[in-house]
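Asker: Output the structure for:
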Amino acid sequence: MSEQPAGWYPDPFAAEPGASRFWDGERWTTQVQSPLPYAQPSPGASGHGHDARGWGVPAQPAGGQPGRPGGHPEGMPWSRPDRSGELASWGARVGAYLIDIVPVIVVTMVMLWMTGVYDAVNAAIESGDEAAVDAAMAMMATGHPAGLAITAVNLLFVAVYNIGFHVSRGATPGKMIVGIRVRMADEDRNPDLRAAGVRWLVQFGPNLISGVPVIGFLAGIFSIVDHLWPVWDAQKQAIHDKAGRTVVVRSR
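Answerer: From the prediction side, this is the model:
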């Protein structure tokens, strides 16, 4: 059993710096608090918003009510309910996904230039030769060395980007911007490497067979259904969430 007494401490699983989580003396609970920028340290506090003498009990701001986590003053303009931990909306997930596409587009443009596809397409368009245009566009197919290289680099980048951020921060930059994060379904902690890896494989793995006739079409349908699944799911989970045993929740 841990010797650390029960109380509020800096959240080791938080996607948002400064958040606190309640330790019940044996394990971390699901009770969390968002950072309170207006909180003032009590006399003898450590300077980080936690009373050093109280083993991590958050300091109460002026006008706060003792015994209430965070000491939100009633009736103050900034007083609002803490919604962190709620299941994330589908709209927030889509917004994060669109933001995270931006670096993928940048990587794709760089690969188009490095493999010569960009120059070949431009030259074909300028020549006005339809056969040349078709040949240049065919370079982007996964059956062509250039297209295969572009697809492989993109998948590797997306894997490192998603798995790395989910394991280390619980959220990609897109999720951080819209205020959501990924956590394990049965415990409030960041996904481990296995969970994040399975989640990524189910979400993006179908792209590996996108160029295969019939099977590629079915893979595309699966991806669409996967991303729409949170709309009607009780836990707002996508299929890749269920595979990785994760949920997406608000971080603020």
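
Asker: which SS class is the residue nearest the centre of the chain?
Answerer: In the chain, the residue lying closest to the centroid (C-alpha atoms, centre = their mean) is residue 171, at 2.9 Å. Assigned with DSSP: H, G, I helix; E, B strand; the rest coil, residue 171 falls in the coil class.

Asker: check contacts around it.
Answerer: Residues near residue 171 by C-beta atoms under 8 Å, 6 or more residues apart in numbering: 15, 165, 180-182, 251. (Each C-beta comes from the backbone N, C-alpha and C, glycine too.)

Asker: can you do 10 Å?
Answerer: By C-beta atoms under 10 Å, 6 or more residues apart in numbering, the residues touching residue 171 are 15-16, 96, 165, 177-183, 190, 248, 251.

Asker: hang on, residue 6 packs against residue 22?
Answerer: Yes. Applying C-beta atoms under 10 Å, one finds residue 6 in contact with residue 22, separated by 7.5 Å.

Asker: gap between residue 166 and residue 98?
Answerer: Counting by C-beta to C-beta, to the nearest Å, the gap from residue 166 to residue 98 is 18 Å.

Asker: Sorry, slip of the keys, the one I care about is residue 147.
Answerer: Taking C-beta to C-beta, one finds residue 147 at 24 Å from residue 98.

Asker: With residue 129 instead?
Answerer: For residue 129, the distance to residue 98 - C-beta to C-beta - is 36 Å.

Asker: Equivalent analysis for residue 121, please.
Answerer: 25 Å.

Asker: try residue 235
Answerer: Residue 235 is 23 Å from residue 98, by C-beta to C-beta.

Asker: likewise residue 124?
Answerer: Applying C-beta to C-beta to residue 124 and residue 98 gives a distance of 31 Å.

Asker: Neighbour count: those two, which is higher?
Answerer: Using other C-beta atoms under 10 Å as the criterion, residue 124 and residue 98 rank with residue 124 on top: 19 against 11.

Asker: Make sure that one is actually in contact with residue 116.
Answerer: No. The criterion here is C-beta under 10 Å, and residue 124 misses it with residue 116 at 11.9 Å.
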